[in-house]
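>>> dropping the sequence and predicted coords here.
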Amino acid sequence: MTEVVQKIIRQQLKYIPAELRCENVIQHSYKCDDCSKKSGKDLIISADVPKSVINGSYATPSLISNTLHMKYELKIPAYRQEKEWEKRGLPLSRQTIINWQEKASEYYLEPLYQLLSKELKNQPIIHMDETSYKVIEHVKEKTYYWLACSSRESDHQIYLYHHSPGRGVSNPPEEFEDYNGFIHCDMWHVYPHIDGAEIVGCWAHLRRYFHDALPPKGYKKQSISAWAVKQCDRFFTLEQKWKDLSPADRLEQRQKILKEKIDKFFDRLHEEAPNAGGKLDKAIRYALKYEKYFRIFLENGSLEMSNNRAERGIKTLVIGRKNWLFSASFKGAHHSGIILSLMETAKANGLDAEKYLTFLLSAMPNEKTLSKEILKEYLPWHPAIQEICKRKSKRELLYQI
């Protein structure tokens, strides 16, 4: 029979497992015959070769970046990665994986982390939060990670995770000890001690206190806690409506509409003198104690009503913590904070984090020095980095399919 026509019946996706290839790095050497005859000895010149990311190791940028992707984005700890690499045909121990990650952080990522810290400190508005973390070598049960991140209005988005032995006044990142700007936070008592900073209260936390104080189901009379939650929801609805406005227009709307409503909100709470005890008493005391901080966002259109940016940022670490369980040492926890900072900052600037790390670990070992000017060329918002490591949108992926 003779074929007359063919047509595509359907499209289907085939999964092709990742493969590992062993590459030989070859160095070419050249000899000039004329020069050798004149000098009476062989004159040989060897070509340059790309430097290894870690001397004396078979690790490559793509291999290390994939282990980082699995741990910090997929939340797969090293002991489970060990099994996955064995399945792929590579007997890679968990200790080797950890050593690679720590050395990559120490040699290449930490200088970038320090530069990002300085960049963030120069931003006028930041968000901060903290969460507990377990380190085996620490005497106490808990250590802490502090997160500082950029505001929504910032052109350069930065997320910094700083590991510290505690949660006290002396434990926040040193770079922010004398920060002069606005800090969105949950009113943990440490933040007001930061010299020069103006603290902005989080209405999401305020609402949470009243939500926890809601009466049981079936309670017919409207309680003060239910009223407070409803008012907070209305405030957030208005803020959502003004989300895309310029800071000046948003400030105008806040002064025109929201300020009066918030005045009435606190007037009502002042009338309800906290004396009953329990969760409602705690919620009212919290609201009145920090009233001036909850009002600050009304005076600046660039400020936000909540600290949800930091809450979402810290959630990445909390989810990972449930899988990693702990770090064996302070050194490991320190480098985990650096790696997570670079990956979350890359994603916040629209980059593919794994691709970005692969590029960094490929290019940075070949730099003669990592000066400040050179490091600036590796920041996630640099045009060249954006061109190389841009994350594909869902629309582009669907188009390819």
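Here it is on my side, so go on. Residues are numbered from 1 along each chain as shown.
>>> alpha carbons only for contacts and neighbour counts from here, please
Will do.
>>> okay but Arg207 is in contact with Ala228, surely?
Yes. Judged on C-alpha atoms under 8 Å, Arg207 makes contact with Ala228 at a distance of 7.3 Å.
>>> tell me which element the residue positioned nearest the centre of the chain is part of?
In the chain, the residue lying closest to the centroid (C-alpha atoms, centre = their mean) is Glu344, at 3.3 Å. If you go by DSSP states H and E, Glu344 is part of helix 330-348.
>>> with Tyr161 instead?
strand 159-164.
>>> the inter-axis angle of that strand versus helix 330-348?
170 degrees (axes from the mean of the first three to the mean of the last three C-alpha atoms, to 10 degrees).
>>> who does strand 159-164 pair up with?
strand 143-150 (antiparallel) (DSSP bridges).
>>> figure out how far the strand it pairs with is from the centre of its chain.
Remark: strand 143-150 is offset 9 Å from the chain centroid, using C-alpha atoms, centre = their mean, to the nearest Å.
>>> what's it in contact with?
With contacts defined as C-alpha atoms under 8 Å, 6 or more residues apart in numbering, strand 143-150 is touched by 120, 123, 125-135, 156-167, 172-173, 309-310, 313-314, 337.
>>> tell me the pLDDT of Ser164.
On the pLDDT scale, Ser164 is placed at 92.
>>> that one against Glu174, yeah?
No. Between Ser164 and Glu174 there is no contact under C-alpha under 8 Å: 10.5 Å.
>>> neighbour count winner among the two?
Ser164 (22 against 11; other C-alpha atoms under 10 Å).
>>> what segments of the stretch 1-150 of the chain are helices?
33-39, 61-72, 78-87, 94-104, 110-121 (DSSP state H, counting those that start in this stretch).
>>> contacts only, for the closest residue to Ile26 other than its chain neighbours.
If the residues on either side of it in the chain are set aside, Ile26 comes closest to Val49, at 7.7 Å by C-alpha to C-alpha, 6 or more residues apart in numbering. Going by C-alpha under 8 Å, 6+ apart, Val49 touches Val25, Ile26, Gln27.
>>> same check on Ala348?
Contacts of Ala348 by C-alpha under 8 Å, 6+ apart are Gln157, Ile158.
>>> per-residue confidence at the closest residue to Asp48 other than its chain neighbours?
Leaving out its chain neighbours, the residue that sits closest to Asp48 by C-alpha to C-alpha, 6+ apart is Gln27, at 7.2 Å. What the model reports for Gln27 is a pLDDT of 93.
>>> quick check on Gln27: phi, psi?
phi -110, psi 130 (degrees, to the nearest 10).
>>> contacts only, for it.
Counting by C-alpha under 8 Å, 6+ apart, Gln27 has contacts Ser46, Ala47, Asp48, Val49.
>>> between those residues, which sits nearest Gln11?
Ranked by distance to Gln11 (C-alpha to C-alpha), those are led by Val49 at 43.4 Å.
>>> what residue ranges in the stretch 151-300 of the chain score low on pLDDT?
218-221, 273-276 (pLDDT under 70).
>>> in it, which spans are helices?
203-212, 224-241, 247-253, 259-271, 278-289, 291-295.
>>> on that earlier part again, what would the helices of the stretch 1-150 of the chain look like in TSV with mean neighbour count and mean pLDDT?
Converted to TSV, the helices of the stretch 1-150 of the chain look like this (neighbours: other C-alpha atoms under 10 Å; pLDDT from 0 to 100):
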stretch	mean neighbour count	mean pLDDT
helix 33-39	11	87
helix 61-72	20	95
helix 78-87	16	92
helix 94-104	17	95
helix 110-121	18	95
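>>> for Pro215, find the nearest of those.
Taking the helices of the stretch 1-150 of the chain one by one with C-alpha to C-alpha, helix 61-72 is closest: 40.1 Å.
>>> who touches stretch 57-77?
52-53, 78, 81, 97, 100-101, 319-320, 323-324, 339-340, 353-355, 357-359, 361-362.
>>> buried only: go through those residues for me.
Those of the contacts of stretch 57-77 that meet the buried threshold are 52-53, 78, 81, 97, 100-101, 320, 324, 339-340, 353-355, 357-359, 361-362, by 16 or more other C-alpha atoms under 10 Å.
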